[in-house]
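Participant: Provided below are the primary sequence and the corresponding predicted coordinates.
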Amino acid sequence: MKKRDILTPIGIALGATMILVGIYFNSGMDGFTTFLQLSSFIIVLGGLTGALLINFNPAEMKLIGKVFKEAFSKSDHNLKELIQLFIHLSEKARREGLLALESELEELDDEFIKKGVYLAIDGIEPEVINDIMNAEITAMEERHNKGRSIIEKAGEYAPSWGMIGTLIGLVLMLNNLTSPETIGPSMAVALLTTFYGMVLANLVFIPIAGKLYNMTEEEVFMKQVIIEGVIGVQSGQNPKILEEKLSAFLPNEELKDTEEPEEEVIGETANES
Amino acid sequence: MKKRDILTPIGIALGATMILVGIYFNSGMDGFTTFLQLSSFIIVLGGLTGALLINFNPAEMKLIGKVFKEAFSKSDHNLKELIQLFIHLSEKARREGLLALESELEELDDEFIKKGVYLAIDGIEPEVINDIMNAEITAMEERHNKGRSIIEKAGEYAPSWGMIGTLIGLVLMLNNLTSPETIGPSMAVALLTTFYGMVLANLVFIPIAGKLYNMTEEEVFMKQVIIEGVIGVQSGQNPKILEEKLSAFLPNEELKDTEEPEEEVIGETANES
Amino acid sequence: MKKRDILTPIGIALGATMILVGIYFNSGMDGFTTFLQLSSFIIVLGGLTGALLINFNPAEMKLIGKVFKEAFSKSDHNLKELIQLFIHLSEKARREGLLALESELEELDDEFIKKGVYLAIDGIEPEVINDIMNAEITAMEERHNKGRSIIEKAGEYAPSWGMIGTLIGLVLMLNNLTSPETIGPSMAVALLTTFYGMVLANLVFIPIAGKLYNMTEEEVFMKQVIIEGVIGVQSGQNPKILEEKLSAFLPNEELKDTEEPEEEVIGETANES
Amino acid sequence: MKKRDILTPIGIALGATMILVGIYFNSGMDGFTTFLQLSSFIIVLGGLTGALLINFNPAEMKLIGKVFKEAFSKSDHNLKELIQLFIHLSEKARREGLLALESELEELDDEFIKKGVYLAIDGIEPEVINDIMNAEITAMEERHNKGRSIIEKAGEYAPSWGMIGTLIGLVLMLNNLTSPETIGPSMAVALLTTFYGMVLANLVFIPIAGKLYNMTEEEVFMKQVIIEGVIGVQSGQNPKILEEKLSAFLPNEELKDTEEPEEEVIGETANES
Amino acid sequence: MKKRDILTPIGIALGATMILVGIYFNSGMDGFTTFLQLSSFIIVLGGLTGALLINFNPAEMKLIGKVFKEAFSKSDHNLKELIQLFIHLSEKARREGLLALESELEELDDEFIKKGVYLAIDGIEPEVINDIMNAEITAMEERHNKGRSIIEKAGEYAPSWGMIGTLIGLVLMLNNLTSPETIGPSMAVALLTTFYGMVLANLVFIPIAGKLYNMTEEEVFMKQVIIEGVIGVQSGQNPKILEEKLSAFLPNEELKDTEEPEEEVIGETANES
């Protein structure tokens, strides 16, 4: 259900390039070495990791890897394909009965649709299907919120730990002003931690947290369409009416802009049946 | 339904002029060249674009152009014309029946009113019309919120990336204090990215996000009046009572201040019938 | 219904005096001229006006003057007079019938009470009166919120534009460090825009937005008392019970602290009847 | 019902001592005079008073004194005494009838309990008692919120006006750099207003606003227990059951930690009966 | 029910190590002494304690110790063990009757489960059990919120008091610029209080407050599962159905990832019966 997302690495690369451009235009190639200060980077990353270890329990910390992987993928849910799928299921159910959908189940690779169709075949009442599937959406939302909150917290701790690192550098430099010619480079190093904290926050954590939020919203939306579709299929609704009902979820623009791909999709799903 | 808005370009021009005035009063014409630093501008704009590319998916990013175009237009919804239109429709429906409204439909250029009148002619029950049209309002609100959130995020990233650019400049300058006479100009260039970030945020992104919010609110309000009007027309309500009911949406001031234009509007709509 | 408010000009005068005192204690009379820098003031005011022009449409911008006038007035609603008025109306209605209230109408100068009494005389049912008058309260609140939001936004833009002005000054000064003796005065002028922005926000926009919020809250409260009163009068409630019911809106302190003025008010209203 | 609170003055004294300690460790006794700068203090206090005068109307401003007095007192509500009181009232009411509670009324010094018992004796129905007393709680909350909002606003204005004062000092100093030896002391004086603003906010206004919030929450909680008690007494509930019901309001810890004082309280109340 | 949590001390140690690393890489071993400035630390800690003493009453202040102890522990609630426990109880209740559960009670060390089972044995109706136990959850949440709010406030006061300490140092240094060679060290000492404030906030208070929030959320969740379980046991639900119902609380991942431990748990609980 997830494809590699190309925009996230492009965005990070673009931001990183902008920083390199900024350095290059200021000081040429010589400037780059100034910004490679491993110890400064370690302070920011280590400090915020320490804060996160306190803030979240081990089970939650294990989510970080998963959450980052998520940020580099994109959901390939396609609202139109989904609608066509339900029209196809609805036609089949009307022609051959709900039980005939069982043969379609293995071709479905979305667990949520599968579960819904199973429930429909089992003859569970629509209100119960609605309750069960909505409970799963809520559980998914809470799980995603938990994962996202780690990234959000990291975005808050990063600039603070950057400032802590800068304060360390400033205090040490000010305490030892004997050689005036070292003041500048010392302050430069001190400011580097603030720089790392700001870049981590504004190029990694805050945008990724924003992306995860949007992805959760979209997934909730798609799952709600699925619930509508499953209930429509079970109740033996006319495929035409079901299509109209589900198409109400499409934004107006999408209806016009992508006329052709829609046709394509219909053909594709038609071939499947 | 949208006209070119003159206030947005005036506002941006006024803000830009103020900046030029500030530069001119400080340093005369010579000062302007100091502020033309393409690399600084590129860092801020590129950095925030990178962050936005991570934060939003391609479909959402495509909204940016649309959203900016929106910001330079204004809705020419006119509450009084709208009320007159529904009085006219109501009179016609009472005289000649709901089906007679079909001939009026092509003269309407608002898709939302058209859809409402179609539903009314089709004899859909009022509660269903209310539900369908309110669902469309909610969908519109969510679509607008999504578009606006890109501009809002840009307004948050701009000053942060301005500060990142300034930190780059400061670190490089401090690291290379050999020639004291270059300290000043180096710091000036470093501060320019913060300047660009602040101007982008406070003259472009934040005000435009505010404008889009107000426009959405206004559109929701107008569409709610339309729902009231459609239901009133369908139920065969007395045009006088419908007018009073819809006029309750007008603020008191508007009732008094613009007595004449109202008359004008009535005449205009009367001609149409 | 509105009287000139003396506290707003006193507050602004006090704040302005504090600034003058601060300047005087620092540098004597000579200091004042330093702070009169028309160009700095123009940048802050012009920049925030530009941002507001983008943010709000012409109809909303026209509210500014009205809203400022509002800020220098105070509502002279008097809860006790209001209660006495409704006791008087209630007595008259019981003695001579609801229609007898028509003669009282021209003596009322509050449009909201007038409207309520008209509705009562017309024999509209209490729930409908309640709905109509509450809808008017909601509309008033939204109108006030719109007006106040302009002032609130101005309070947010002012310090930002002050900082933009300071950045302009700093960049120009740093770029031209040839004459060291001008560094100080140049930085002084640069800081002036931040100073203007902070003063505008903290002495004008934020306090006035706070005042407008409090005034709206109070007006909503008074109008809710009026609705209670109108419905009590219409239902022919015993004036004693109506008094007790409406007195529940009075805070305990007010019941004790202002025993005498209350008597006075009763006398006054008694004379009217 | 209110006792002098010792923690507030101790807290302020502790904070003030810390400041003195900080000054003493830096510069010995000589340092103290540096911080006594009446004009700086006047600017901050005067400026924020000006802002408050605009923000609040005279009736609200009069609350300040009251609110500050409140901050130096503490509620001596004792949940256990309260429960014992209602058990005692409940026993008496069951033995001698509700009317017998009239003789207890003058011994009660809490107006809210008194009012509740009066309503119970008068035979008002439980739902009405509940409504009336809850309305009084809501009114109290709103009154407290209004008073607290003045302190909260003062906590926001104080640092801003401190910064305005510092900007005044900096502008004047920078404008007059003729004698380098006065730069340091001038900047010191300039920073003093920021210092005063920060101390006022973080030692006085913000903590006191926090305390007032907690006090209001506690008072609402106690009053809700009182409502439960009054209704239980009126309905002739078994004192044992009433005790169990009211004890549910006690946190678990309190049940264990303070076993003895509870016994003491029972004895005390028993003597009263 | 609580075990020592190893992540919190690890997190604090990691953050502290990062600070030491930062100091060491800047100035070697000599740098450490610079940061040991007892008076600076006392100002920050004393100042924020003063503010907290005003903000919270004695009963609330006593919670601090408890709350900190909580932060170093972790709940060892295990959702799977819990589900197995209720399956076991459900089986026993169906075989031997609800009263047979009494013998199981002493083996339970969770007061909340015990209370629930007692209520079930006593034959209280399910809705009442639900009400009583939910009221206890709400009370627990409020108690936890109160405790956490002290830590949150400390996290807000710490950086502010750090800045107050820095202002004290700066004012004194600027006022006494006679010996230029002491400027650096004096500023270093002044900045130390800001450093302490930032570290206290970002390594101790804010992460611990975050942890406490997560712990409360988790505890509320576990207790809601317990309520479901108790009611299921009492209603004599089929153990299989109860298992399915309670398993719905498990996230999908947990169902797959930890297949074996689940088996283990089942064996373990089976041994108990």
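Facilitator: It's in.

Participant: and A:E217, which of the three is it?
Facilitator: The three-state assignment at A:E217 reads helix, by DSSP: H, G, I helix; E, B strand; the rest coil.

Participant: any idea how far it is from A:K153?
Facilitator: Distance, A:E217 to A:K153, using CB to CB, to the nearest Å: 20 Å. Placement of C-beta: from N, CA and C, glycine included.

Participant: Equivalent analysis for A:D30, please.
Facilitator: 37 Å.

Participant: what's the answer for A:H77, then?
Facilitator: Counting by CB to CB, the gap from A:H77 to A:K153 is 28 Å.

Participant: who's more crowded, these two?
Facilitator: For A:H77 and A:K153, the more surrounded residue by other CB atoms under 10 Å in any protein chain shown is A:K153, and the numbers stand at 20 against 17.

Participant: Name the residues of chain A found near chain C, please.
Facilitator: Residues of chain A lying near chain C by CB under 8 Å from any CB of the partner chain: none.

Participant: low pLDDT regions in chain A?
Facilitator: Along chain A, segments meeting pLDDT under 70 span A:1-2, A:76, A:251-273.

Participant: let's go with 50 and repeat that
Facilitator: Scanning chain A for pLDDT under 50 picks out A:1, A:254-273.

Participant: Dead centre of it: give me the residue that sits there.
Facilitator: Geometric centre of chain A, nearest residue: A:L212, 3.1 Å, by CA atoms, centre = their mean.

Participant: Now do the contacts for that residue.
Facilitator: Neighbouring residues of A:L212 by CB atoms under 8 Å, 6 or more residues apart in numbering or on different chains: A:67, A:70-71, A:144, A:147-148, A:151.

Participant: what's near enough to touch the residue of the stretch 1-150 of chain A found nearest chain C?
Facilitator: Proximity of the stretch 1-150 of chain A to chain C (CB to the nearest CB) peaks at A:N26, 14.8 Å away. Counting by CB under 8 Å, 6+ apart, A:N26 touches B:39, B:168-169, B:172-173, B:186, B:189.

Participant: farthest pair in these?
Facilitator: Of all pairs drawn from the contacts of A:N26, the widest gap by CB to CB lies between B:S39 and B:M173 and measures 14.6 Å.

Participant: quick revisit: looking at the contacts of A:N26, state which has the most neighbours.
Facilitator: Using other CB under 10 Å as the neighbour test, these are led by B:I168, with 29 neighbours.

Participant: That residue contacts B:V189, doesn't it?
Facilitator: No: applying CB atoms under 8 Å as the test, B:I168 and B:V189 come out as separate, 10.1 Å apart.

Participant: re earlier: check which helix or strand the residue nearest to the centre of chain A maps to.
Facilitator: Assessed by DSSP states H and E, A:L212 sits inside helix A:206-234.

Participant: mind listing what's buried in the helix or strand just after that helix?
Facilitator: Moving toward the C-terminus from helix A:206-234, the next helix or strand (DSSP H and E) is helix A:239-247. Across helix A:239-247, burial judged by 16 or more other CB atoms under 10 Å in any protein chain shown covers A:239, A:242-243, A:245-246.

Participant: wait, doesn't A:G236 sit right on A:R94?
Facilitator: Yes: at 6.0 Å, A:G236 counts as touching A:R94 under the criterion of CB under 8 Å.

Participant: what do these two both touch?
Facilitator: With CB under 8 Å, 6+ apart, A:G236 and A:R94 have no common neighbours.

Participant: out of those two, which sits in the busier spot?
Facilitator: Comparing A:G236 with A:R94 by other CB under 10 Å, the one with more neighbours is A:R94, at 15 against 12.

Participant: which ones are touching the more buried one?
Facilitator: Contact analysis of A:R94 by CB under 8 Å, 6+ apart lists A:236, A:238-239.

Participant: Go again with 6 Å.
Facilitator: Each residue near A:R94 by CB atoms under 6 Å, 6 or more residues apart in numbering or on different chains is listed here: A:G236.

Participant: Ramachandran coordinates for A:K74?
Facilitator: Per-residue torsions, A:K74: phi -140, psi 150 (degrees, to the nearest 10).

Participant: Could you tell me which residues of the stretch 151-273 of chain A lie near chain E?
Facilitator: Contacts of the stretch 151-273 of chain A with chain E, taken as CB under 6 Å from any CB of the partner chain, map to A:160, A:164-165, A:167-172, A:174-175, A:177.

Participant: and A:K3, which of the three is it?
Facilitator: Following three-state DSSP, the label given to A:K3 is strand.

Participant: what residues are up against the nearest residue to A:F72 once chain neighbours are set aside?
Facilitator: The shortest distance from A:F72 to any non-neighbouring residue, by CB to CB, 6 or more residues apart in numbering or on different chains, is to A:T8 (5.2 Å). The contact partners of A:T8, by CB under 6 Å, 6+ apart, come to A:71-72, B:54.

Participant: Need those residues in TSV (columns: secondary structure).
Facilitator: Shown next, in TSV, are the contacts of A:T8 (three-state DSSP):
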residue	secondary structure
A:A71	helix
A:F72	coil
B:I54	helix
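
Participant: Neighbour-wise, give me the winner out of those residues.
Facilitator: B:I54 (26 neighbours).

Participant: Spit out the contact partners of that one.
Facilitator: A:8, A:11, A:207, A:211.

Participant: hmm, try it at 10 Å
Facilitator: Residues near B:I54 by CB atoms under 10 Å, 6 or more residues apart in numbering or on different chains: A:5, A:7-12, A:14-15, A:71-72, A:203-204, A:206-211.

Participant: From A:L14, how far off is it?
Facilitator: From B:I54 across to A:L14, the span is 9 Å (CB to CB).
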